[in-house]
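[1] No sequence on hand, only this structure:
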């Protein structure tokens, strides 16, 4: 159980003993997926069956840059996680290195924990895809994992830090289908043809959306092999997707998780129940899977989402329902071109150097035409009006709201 503070291990052990005696029925220690790897890392999937915590670990694994390490979709070969991580770490030492090693600061810690665990180390990776195309407005990456329990987990990456990735997310509000969704369905069909295992489909953020879309729009014979679809804080869908026969066929197999203060996971309509998860973070930082609280074989659930999450959800839904799709699309295009003109390549730039970025954005605004400027002002004004009308959701002092405020 290396890598976990002794006090944490002792507390967990004591709580399990007390729980077995009926003295407590939950673990008070706010454990995360690293604690889980310490507790369950020595048990393979046949000994301890796949559970929602394994789901978020595999979803997080998709964010690693595994180009030239994991065989591509065109290859029939694969590589175990422990060997892939050894190659990955060696590449980091080379002069060329890896341009973008990961997207989250805890990823290096995760991959080394996976490599030495019996549970994940011998899992077999194959079918790696990773590409971005600004012309097609697509950012897509996927990975498949044989877990040794008769299953293949097909995992889709969420949005990366690129502007094109975030534009693709916004396009979901104006288009029935986006390029990544089509590619996800094609990817799933190819993977199913390459393996005889039963199928789990997994994803975080946009990856969760892709997981549900791919499972709902693939062929009936493929759907029969899918037992579970895991969606982790993922945006919803266009109404036509939710009303499709394919979606109805797999709806009962969707397991959707959102943190209490979810924003991304509340975007658009889902058509299925979201289970609310506790997080050690606050606000938007709850989107980070490393912050999700876990037990020895499950996630830790909360009674309700926060009032703030419901407020943002209601505001965005009202704005989308009442605004013209064509105007929204023009607004998204305008903002994307403004950011491009300001030479902002990623969302990360806005966070770490917000002042110079803001100055460049203001400067680029002066170069756009008057009709576009008027459109931007109109859309922002409509959004603010929606926010004003929904302030009651945030301020309402009903029993549910009070409980949620106490938890924040």
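    Yes, it's here. On a predicted model such as this, the values are computed, not experimentally measured, just so you know.

[2] Number of residues surrounding residue 239?
    Applying other Cβ atoms under 10 Å, we find 12 residues neighbouring residue 239. Any C-beta I mention is one placed from the backbone N, CA and C, and that applies to glycine too.

[3] which residues touch the spatially closest residue to it that is not a sequence neighbour?
    Spatial nearest neighbour of residue 239, chain neighbours left out: residue 269 (6.9 Å); criterion: Cβ to Cβ, 6 or more residues apart in numbering. Residues near residue 269 by Cβ atoms under 8 Å, 6 or more residues apart in numbering: 236-237, 239, 242, 317.

[4] from those, which ones fall inside helices?
    239, 242, 317 (DSSP state H).

[5] Tabulate those residues in TSV, adding columns for pLDDT and distance to residue 308.
    Shown next, in TSV, are the ones in helices among the contacts of residue 269 (pLDDT from 0 to 100; distance: Cβ to Cβ, whole Å):
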residue	pLDDT	distance to residue 308
239	89	26
242	94	26
317	77	15
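
[6] From the residues you listed, pick the one nearest residue 332.
    Nearest to residue 332 among those: residue 317, at 17.1 Å, using Cβ to Cβ.

[7] the strands in the protein, which residues?
    79-80, 124-133, 138-146, 151-156, 198-204, 226-232, 254-259, 274-277 (DSSP state E).

[8] what about those, which gets the closest to residue 388?
    strand 254-259 (25.2 Å).

[9] which residues are contacting the closest one?
    Residues from elsewhere that reach strand 254-259 (Cβ under 8 Å, 6+ apart): 52, 55-56, 208, 212, 215, 228-234, 265-266, 270, 272-279, 281, 286-287, 291-292, 299, 305.

[10] Could you give me the PyMOL selection string for whichever of those are buried?
    The buried residues among these can be selected in PyMOL (16 or more other Cβ atoms under 10 Å) with this line:
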select buried, resi 52+55+56+208+212+215+228+229+230+231+232+233+234+265+266+270+272+274+276+277+278+279+286+287+291+292+299+305
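
[11] So which of the contacts of strand 254-259 sit within helices?
    Those of those lying in helices (DSSP H): 52, 55-56, 208, 212, 215.

[12] a markdown table for those residues, including distance to residue 152 and pLDDT?
    Below are the ones in helices among the contacts of strand 254-259 laid out as a markdown table (distance: Cβ to Cβ, whole Å; pLDDT from 0 to 100):
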| residue | distance to residue 152 | pLDDT |
| --- | --- | --- |
| 52 | 18 | 98 |
| 55 | 14 | 98 |
| 56 | 18 | 98 |
| 208 | 18 | 97 |
| 212 | 17 | 98 |
| 215 | 13 | 98 |
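
[13] In CSV: those residues, plus distance to residue 261.
    What follows is these, written out as CSV (distance: Cβ to Cβ, whole Å):
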residue, distance to residue 261
52, 19
55, 20
56, 17
208, 17
212, 22
215, 27
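
[14] Dihedrals phi and psi, the residue nearest to residue 71 when sequence neighbours are not counted?
    In space, not counting the residues next to it along the chain, residue 71 is nearest to residue 77; the distance is 4.6 Å by Cβ to Cβ, 6+ apart. Residue 77 has phi and psi values of phi -90, psi 170 when expressed as degrees, to the nearest 10.

[15] What's the separation between residue 77 and residue 154?
    Here residue 77 is placed at a distance of 17 Å from residue 154 (Cβ to Cβ, to the nearest Å).

[16] between the two, who's got more neighbours?
    The neighbour count for residue 77 versus residue 154, taken as other Cβ under 10 Å, is higher for residue 154 (29 against 9).

[17] any weak-confidence spans in the stretch 151-300 of the chain?
    Within the stretch 151-300 of the chain, the ranges that satisfy pLDDT under 70 run 160-166, 169.

[18] domain ranges for this structure?
    45-302, 312-407 (automatic domain parsing).

[19] okay, those, which one's buried deepest?
    Highest mean neighbour count of the domains of the chain: domain 45-302, a mean of 19 (counted as mean count of other Cβ atoms under 10 Å).
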